[in-house]
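Undergrad: predicted structure and sequence below. I'll ask about it afterward.
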Amino acid sequence: MMDLLVIAPSVSAAQQNQLNTPAHNYTKSQDLNSKLKFFTAGNGDSNAKNRPQIAADIGPLLLEVKPALSSKRKRRLKYYTWLAAKLAEEGRLADFASLVKTLREAGADATNFMRALDMKLVWAGFGRRIENGGLYLVLESLKQLGSSGYHPPKFLDNNATQLLSKECWKLLEQGDVNECISVLQILSDCLFPIQDFVEPIFIIKQCVKLKNAGLALRYVNLLPPRHIWCNFLIREFGKQGDLKLALIIFRRQQRANTSPDMYLYRDIIDACGICGRLAKAKSIFKELLDQNVTPNVFLYNSFMNANARDLDYALQIYKQMQTSGVVADVTTYNILLKICCIAKKVDLAVHFYKEMLRRSAEGDLKMDVISYSTIIQVFGEAKMWAMAMEVKKDMIAAGVTPDVVTWTSLIGACANAGLLEKAIQVFDEMVLSGCEPNTQCCNTLLQACVEFCHYGRAFRFFKTWKEKGFYEASVERHKECVAEADTEISMDVTTLNGNNLSRNNQASIPVVHTQPSKMSEFKPTVVTYNILMRACGSAPYYAKSLMGEMKMHGIWPDHITWSILINAYGNVGDLQRVLQSFKKMCETGIKPDVITYTTVIKACVKNRNPDMAFFIFNKMKKQKMQPTVVTYNILLRARHTCSNLLEVQQSLAIYEEMRKAGYAPNDKFLKGLLQEWSEGVIQHHVCKNQDDRSNETLIWKEKENTGSLLEKIAAHVRPDNTKSLTVDVRGLSKTEARIAVLAVLRILRERHGLKYPIKDELVIITGTVKDIDKQNAPSDAIVEVLQNELGLPVIYGNQNGLVPRRHIIFKDGLPNHTNDHQTASDRISTHEEDRKIGSRFEISGIALQKPPTIERLRISRKSLNQWLRKRIDLRRQGNAEVHD
């Protein structure tokens, strides 16, 4: 007995506490191996100086195990197993692992040792140590046991395994994905099935969220089978829109494979399709074909699905698939029907549907619920609700039960055809047949009620679904339908037509099946409340009430919700609450989109506040948002009248920006606005006479190129164009030429005054002498408005295209005069002078092609400055009279 006591390790109480010291003194940034060494070598412990002494005390005693086991007294193995179990029970796992390793090196049989070991004490010790924060001590002990030739999972029971799983989940909740994967890597080295500790999909999604492909691959390499999880990882990166990392994993997996993996190519093509990188998908598909590999049906399906919005190319892929001898399956036809639905090709969809029916009748193909639902959606969007109902009959005859997607497509088909009552009947039929509607199905019916202005019915549906549930509400409507049918039967029972009517009504009533065991409660979403808020129309307080109800149920408004509320305030003219709601939306962290900005701009325009509308528009452009055609059209109508040049510049800037964006603006509204503004140059603060109003009505009667007029005026209105005094009215009618000239004069009056005199003459190019139609020439209208109405003398002058000595030709081909001190008579170049200049060019050997003679009108700078002074004096006199 004394020999046994000598063999037992002698450790003091203080040393025992040091061995049981947890790992909480370490930061997470340290390497996991350094943490594990802490429990064996004392690294990082404040009492580490005592650890060598402990090792010296234990080491020599354990050396006596080998001669003891080699002696004839084999009963000592029982003592060592008892000692090991006690060490494990007390949580001294490092001593336990060291003892087990020493026994193994001493020649102890692992099977006999494990059979003699009290595993309940060992399991309890490991579990207790995990609970007390000794995760890394447990991991190091399991590692040491595995290196000793034992199977580490046998040292943990279900309780200890669950505790390890909780520790891993705790690391993930703290956001330490790297640390969790390190723990799982050690457990994997110890032959633990790591997928039992943490759901692999969750860790992979966390790695994808962190956009860390290296960390994700490090974890995926631990999971069997590796290639399947790599493909799943590619799909997850594709769903997040990170194609770059998906391609990195694809290339690594591609190099690791000895032959092309069709499923790997399928997943990367799916990722390209989700990210919208169709060119990359085509490149990868071509890369596979260049290897003389025939893609399988799954790969063809993915490639067609990626190009679903390109009908011609998708059909080309389908033909290539048939040429390659690959037989189309039901997924292929479902994708083809989807492509036809997107392209709105009903005839082509019917062709594929008939082909599916033929193959199904031959037993070569089995159509599923997706096939029928897709063709129903095709007919529904084409407003062919009767055909959709026929497909439902074929579906039931084939033994395929409609699901909630099928019923939703049928409801949408009836709603698109304008049959609200039929849509409600289909909804009741779905519920009474035992199919539980989802939120999207309910939203489809509510949207139909709102579109057909049945607002009260939409709110009644919403209320009954919440209070009574789907089944009870449908049963009540079913009883009402039966009562109405019985009433019609009693009224028409004596006539044949009445009997036919009653049979038709009874046939239209859905059959009540047995009540389903349990139907989920109606759970509205933010889309549901948005639909109901649209039904509020011009009642913003009801919409505000619905928003409060959303928050009570834990549903938070999105940017669409706020846009609907802002529009409701705008409809009643409450601009203050519009701006307050917009500000509150931004303060809550919701980023407005272009629809929200357009709604605010619309409210500002409706309430006659164009300055605020343009302020919101500029704010939207600072957010780098592209306005829509609706936004531009609202802004073009923001100004009912233009009082100064800045307002005209804003309107024309919107017009030019809209044209550059590829939209077709409404020119007539802006043209009328500019005419009203330009006519103001004739008479200030005085109404136009009857002739002016007749000219105004003439604008809308003539077929004119309004865009050309606006472009010419916009060229002069630009803030950077302050020197050009040349007006080109070629191609314009009389009325348009009048507006253009008056607009330029109004611009001159706004920009120039007594302090800034005009330094050049005004040149008006009316056309060429050869091409001008004397009956429709704008010259007469221009001269009339300049001389008779404005009192400006007009100088006639023609230029034949040769370069006079006092003219300079710029890039636009228009003349500009450099000598401002010459008189008007000196500036008129005669034909004789032009012939002399032409002869000099001919003598020099230069052959010039004489362009057609250009007719132009000019107003000297002296006349312009006198006119401006006169207009300013008249304005001052008018202001003085107003003050008097």
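TA: Good, I have the coordinates.

Undergrad: now residue 867: closest residue in space that isn't a chain neighbour?
TA: Leaving aside its sequence neighbours, residue 867 sits nearest to residue 792 (Cβ to Cβ, 6 or more residues apart in numbering; 5.7 Å). Where C-beta positions appear, they are placed from N, C-alpha and C, glycine not excepted.

Undergrad: so the one you found sits against residue 783, correct?
TA: No. Between residue 792 and residue 783 there is no contact under Cβ atoms under 8 Å: 9.6 Å.

Undergrad: in the stretch 151-300 of the chain, which spans are helices?
TA: In the stretch 151-300 of the chain, the helices defined using DSSP state H, counting those that start in this stretch lie at 158-173, 177-189, 200-210, 213-220, 226-239, 243-256, 262-275, 278-289, 297-306.

Undergrad: those: which one's closest to residue 763?
TA: Nearest to residue 763 among the helices of the stretch 151-300 of the chain is helix 278-289; the distance by Cβ to Cβ comes to 52.1 Å.

Undergrad: so for that closest one, what gets flagged as buried?
TA: For helix 278-289, burial by neighbour count (16 or more other Cβ atoms under 10 Å) applies to 278, 280, 281, 282, 284, 285, 288.

Undergrad: as a markdown table, those with pLDDT and distance to residue 558 would be great.
TA: Output for the buried residues of helix 278-289, formatted as a markdown table (pLDDT from 0 to 100; distance: Cβ to Cβ, whole Å):
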| residue | pLDDT | distance to residue 558 |
| --- | --- | --- |
| 278 | 93 | 30 |
| 280 | 95 | 32 |
| 281 | 95 | 32 |
| 282 | 95 | 36 |
| 284 | 95 | 36 |
| 285 | 95 | 38 |
| 288 | 92 | 42 |
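
Undergrad: all strands of this structure, in order?
TA: 726-728, 762-768, 795-799, 807-809, 815-817, 854-859 (DSSP state E).

Undergrad: lowest-confidence stretch among those?
TA: Among the strands of the chain, strand 807-809 carries the lowest mean pLDDT, a mean of 34.

Undergrad: from residue 151, how far out is residue 256?
TA: 30 Å (Cβ to Cβ, to the nearest Å).

Undergrad: do the same with residue 460
TA: The spacing between residue 460 and residue 151, counted by Cβ to Cβ, is 67 Å.

Undergrad: what about residue 221, neighbour count?
TA: Neighbour count for residue 221, taken as other Cβ atoms under 10 Å: 12.

Undergrad: can you pull the phi/psi pair for it?
TA: Phi and psi for residue 221, reported as degrees, to the nearest 10, are phi -60, psi -20.

Undergrad: pLDDT score for it?
TA: Note on residue 221: pLDDT of 92.

Undergrad: same deal with residue 164?
TA: 94.

Undergrad: contacts only, for it.
TA: Contacts for residue 164 (Cβ atoms under 8 Å, 6 or more residues apart in numbering) come out as 130, 135, 138, 156, 187, 197.

Undergrad: can I get these in JSON lines with pLDDT?
TA: Output for the contacts of residue 164, formatted as JSON lines (pLDDT from 0 to 100):
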{"residue": "130", "pLDDT": "93"}
{"residue": "135", "pLDDT": "93"}
{"residue": "138", "pLDDT": "94"}
{"residue": "156", "pLDDT": "93"}
{"residue": "187", "pLDDT": "94"}
{"residue": "197", "pLDDT": "94"}
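
Undergrad: which of those residues lies closest to residue 448?
TA: residue 197 (49.1 Å).

Undergrad: the residue lying closest to that closest one once chain neighbours are set aside and residue 266, how far apart?
TA: Closest residue to residue 197 apart from its sequence neighbours, by Cβ to Cβ, 6+ apart: residue 165 at 4.5 Å. Applying Cβ to Cβ, the value for residue 165 to residue 266 is 33 Å.

Undergrad: neighbour count: these two, which is higher?
TA: Neighbours were counted for residue 165 and for residue 266 using other Cβ under 10 Å; residue 266 has more, 22 against 14.

Undergrad: can you mark which positions in stretch 580-594 are buried?
TA: 581, 582, 585, 590, 592, 593.

Undergrad: my bad, stretch 342-353
TA: Result for stretch 342-353 [16+ other Cβ under 10 Å]: buried residues 343, 345, 346, 348, 349, 350, 352, 353.

Undergrad: could you identify the most distant pair in those?
TA: Once Cβ to Cβ is applied, these give 343 and 353 as the farthest pair, at 15.0 Å.

Undergrad: ok so, going back, out of the buried residues of helix 278-289, who's nearest residue 732?
TA: Among those, residue 278 lies closest to residue 732 (Cβ to Cβ), at 46.1 Å.

Undergrad: that closest one against residue 269, yeah?
TA: No. Using Cβ under 8 Å, residue 278 is not in contact with residue 269, being 9.9 Å away.

Undergrad: could you name every residue contacting both of the two?
TA: Shared contacts of residue 278 and residue 269, defined by Cβ under 8 Å, 6+ apart, comprise residue 306.

Undergrad: residue 785: neighbour count?
TA: 22.

Undergrad: where does pLDDT dip in the stretch 551-700 of the chain?
TA: 639-652, 665-700 (pLDDT under 70).

Undergrad: in it, which spans are helices?
TA: Under the criterion DSSP H, counting those that start in this stretch, the stretch 551-700 of the chain carries helices at the ranges 559-571, 575-587, 594-606, 610-622, 629-636, 645-660, 667-679, 690-701.

Undergrad: give the buried residues for the first one.
TA: Same thing as helix 559-571. 560, 561, 562, 563, 564, 565, 566, 567, 568, 569, 570, 571.
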